[in-house]
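Enquirer: Predicted structure and sequence below. I'll ask about it afterward.
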Amino acid sequence: MPNPDKIERVGELKTRIEGSDALLLAEYRGLTVAEITALRRSLAEDGTRLSVIKNTLMRRAAADAKVQEIEPLLEGPTAVAFVSGDPVAAAKRVVDAAKRFPTLVLKGGYMDGRVLSADEAKALADLESREAMLSKIAGMLKTEMSRAAAMFGSAQFQFLSLLEAYREKVPGGSAVAEEVAPAVESGPEAEGAGSVSEEADGTEGDSEEATQEEE
């Protein structure tokens, strides 16, 4: 008869597996209790929970969570880092800990539906953190927006210059220029209004076609 405590423990592990953004598995053979505690506290700063788990229990939980692919990593004394947040930050801390404690060996991981080899898991530590990447993307978007605004301003200035030349050279050009210039100077607002009008016209046309098909 199954042990109720083990069944409950497997259920807890299954829930943690399913709620994690990634798993990192390491062999901790030779580490002292104090060293494991220090690693656990370090990982907790990024929202990662490190647990030393019996392989038999972890295999059952992995099977229940439909991640049986990690079973080959469950050999020898295994510590599992349940990553909740940025896997890159967690990998950096594990790799740094392995440098301090040579007996700690990163065996692999699981992320985005696939198993990571030891080399792939270590390679995560060489990537930029999520915050750094988001910061770069934000900077790129800001640069592109500034560039687009500058291009629009230049185009607007050139068009107004052409209107001025048209007004001076063509009879009746002054009246045309005076009508067009305010619309150009209003910028995107006028353009947006035109887009809405065009979309509305297109919608009415679609409605008429739909009515004809139904008839």
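Expert: Yep, that arrived.

Enquirer: now what about stretch 104-122, what contacts it?
Expert: Here stretch 104-122 makes contact (CB atoms under 8 Å, 6 or more residues apart in numbering) with 21-29, 31, 35, 39, 67, 69-70, 72-73, 78, 87, 91, 94-95, 97-98, 124. From N, CA and C alone the C-beta is placed, and that goes for glycine too.

Enquirer: I'd like to know which of the residues you listed are buried.
Expert: 22-28, 31, 35, 39, 67, 70, 73, 78, 87, 91, 94-95, 97-98, 124 (16 or more other CB atoms under 10 Å).

Enquirer: what are the ranges of the helices in this protein?
Expert: Using DSSP state H, the helices of the chain run over residues 4-18, 33-44, 55-64, 87-100, 118-124, 130-169, 173-185, 188-214.

Enquirer: Need the pLDDT of residue 38.
Expert: pLDDT, residue 38: 89.

Enquirer: give the contact list for the nearest residue to it once chain neighbours are set aside.
Expert: Computed as CB to CB, 6 or more residues apart in numbering, the closest residue to residue 38 that is not its neighbour in sequence is residue 97, at 7.9 Å. Residues near residue 97 by CB under 8 Å, 6+ apart: 38, 39, 42, 104.

Enquirer: Tell me if I'm right that the second one and residue 49 touch.
Expert: No - taking contacts as CB atoms under 8 Å, residue 39 lies outside contact range of residue 49: 11.6 Å.
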